[in-house]
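> Structure, please.
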Amino acid sequence: MTSFPIPHNYADHILVASPSTVVRQRVLESLRSPARRFEQATGGAEALVHLETGFWQVLFLDRRLPDLDAEELSQTVRQRFPGIEVVLLDPDSDAEPNAAEEKADLLPEMWPVVSQDKNKDQHKENDNDKDKLLLAAHSILEAPLPGMIGNSPIMQPVYRLARLLAPRNTTVLITGPTGCGKEIVARAIHHLSPRAARTFAVVNCAAIPETLLEAELFGYARGAFTGAMQSYAGRIHAAQGGTLFLDEIGEMPLSLQPKLLRFLEQKELQRLGSAEVVRVDARVISATNAHLLTLVREGKFREDLYYRLCAFPMEIPPLRDRPEDIAQLAGHFLEKFASRLPAPQLSAEAMQLLKAQPWAGNIRELQNVIERALILSEDQAVIRPEHLLLADSSFRNSR
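Residues are numbered from 1 along each chain as shown. The predicted structure is shown next:
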């Protein structure tokens, strides 16, 4: 798996809502970095205004807001802005809200943020508070992405990198075997980005015939070819303001690669049969299960296009490398496909068998196995090994 140095930061867009100036400053100081954008709000209503008018990744929310209930506000934020992580700050229930303003030395006892008290003993305690805050911050960054399941150690860098990439316009190349969840990662990056409200346009380069792919991607003018009865904007233009996901980019015909390269470099395109140059603001995320550098060496993929697409590569590990996630994934698929509730459970023997599989088809194969098992179990409450129709056993039985 490709490894990259991960910066020890939290996120790039942080909003802190608290009636206490001291508390807001202490949170900002504990996470301060030149690369981060901070904003402050003195109450819940003001925080909502900031959330509506800008892009934020993390909201630190004081439970003792002067105008709104913090618990209700946090639920509202999670519903309306699902890409934002909410961190609730807990004051001491017996302390007055203004106490932190008047006595900054009480801050470590009231809030999980760093204090810069000059007393050495308290300074150690404050360092512990900072460490706890940063630890909580890192755990949020490494939590599963929207639409993804499993928190195995090998997946945490993937989640973290996706969250760090989301607010940027960096071109991303996602690699990994078939069925490992490359498109889900791409959708999560889009969902967590400032472009979330715009289109996520998908083009499967392997599923569209070469003769039609250019027209599908770049569009065409009326009369450009026989049958072009009206103009078509194309999938790239459809991603205006949003994200263009090019799946199976390794299957892109060599003849089209220069035109795609020009779009990536200039953000401009020309439709078939038209001299008009159209500018399109679309972030590009591509994915492949092929080794593109091998294709480059074989002359099947342009080297300059590869490096343009690969501004930031991400590799998704296969399911066989994340056995800790199999139980949670299987449970999710049981609930998804079960015809009744509660959903059937896997026996210990069945779970052991699942964890021992090589999973060549990755998560997609596991999903199919669970769906078949539910059918074969005939609505029994427990899925047993004999209900698991596995690929290797099917192959052996067919010989």
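
> list the contacts for the spatially closest residue to residue 42 that is not a sequence neighbour?
Excluding the flanking residues, the one nearest residue 42 by CB to CB, 6 or more residues apart in numbering is residue 19, at 5.5 Å. Just so you know, the C-beta spots here come from the backbone N, C-alpha and C atoms, and that holds for glycine as well. Contacts for residue 19 (CB atoms under 8 Å, 6 or more residues apart in numbering) come out as 42-43, 62, 64-66, 97.

> Just the buried residues of those.
42-43, 62, 64-65, 97 (16 or more other CB atoms under 10 Å).

> In the stretch 1-150 of the chain, mark out all the helices, start to finish.
21-30, 44-53, 70-80, 99-102, 107-110, 120-141 (DSSP state H, counting those that start in this stretch).

> What residues of the third one count as buried?
The reference is to helix 70-80. 70, 73-74, 76-77.

> Please identify the buried residues of whichever strand or helix holds residue 211?
Using DSSP states H and E, residue 211 falls within helix 210-218. For helix 210-218, the neighbour count (16+ other CB under 10 Å) marks 213-218 as buried.

> Quick one: low-confidence residue ranges for this structure.
1-12, 32-36, 53-54, 91-141, 391-399 (pLDDT under 70).

> Dump the C-alpha coordinates for stretch 191-202 into PDB.
What follows is stretch 191-202, C-alpha atoms only, in PDB (Å, rounded to 0.1, in the frame of the first residue of the first chain):
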ATOM      1  CA  HIS A 191     -19.700  14.500   0.200                       C
ATOM      2  CA  LEU A 192     -17.300  16.000   2.700                       C
ATOM      3  CA  SER A 193     -16.100  18.700   0.300                       C
ATOM      4  CA  PRO A 194     -17.500  22.200  -0.400                       C
ATOM      5  CA  ARG A 195     -18.800  20.800  -3.700                       C
ATOM      6  CA  ALA A 196     -21.200  18.400  -1.900                       C
ATOM      7  CA  ALA A 197     -24.300  20.200  -3.000                       C
ATOM      8  CA  ARG A 198     -23.300  19.900  -6.700                       C
ATOM      9  CA  THR A 199     -23.300  17.000  -9.000                       C
ATOM     10  CA  PHE A 200     -21.100  13.800  -8.600                       C
ATOM     11  CA  ALA A 201     -20.900  12.700 -12.200                       C
ATOM     12  CA  VAL A 202     -19.800   9.200 -12.800                       C
END
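
> Now do the end-to-end distance for stretch 331-347.
Stretch 331-347 stretches 12 Å from its first residue to its last (CA to CA, to the nearest Å).

> Buried residues, that stretch. List them.
Those would be 331-334, 337, 343-344, 346, for stretch 331-347 by 16+ other CB under 10 Å.
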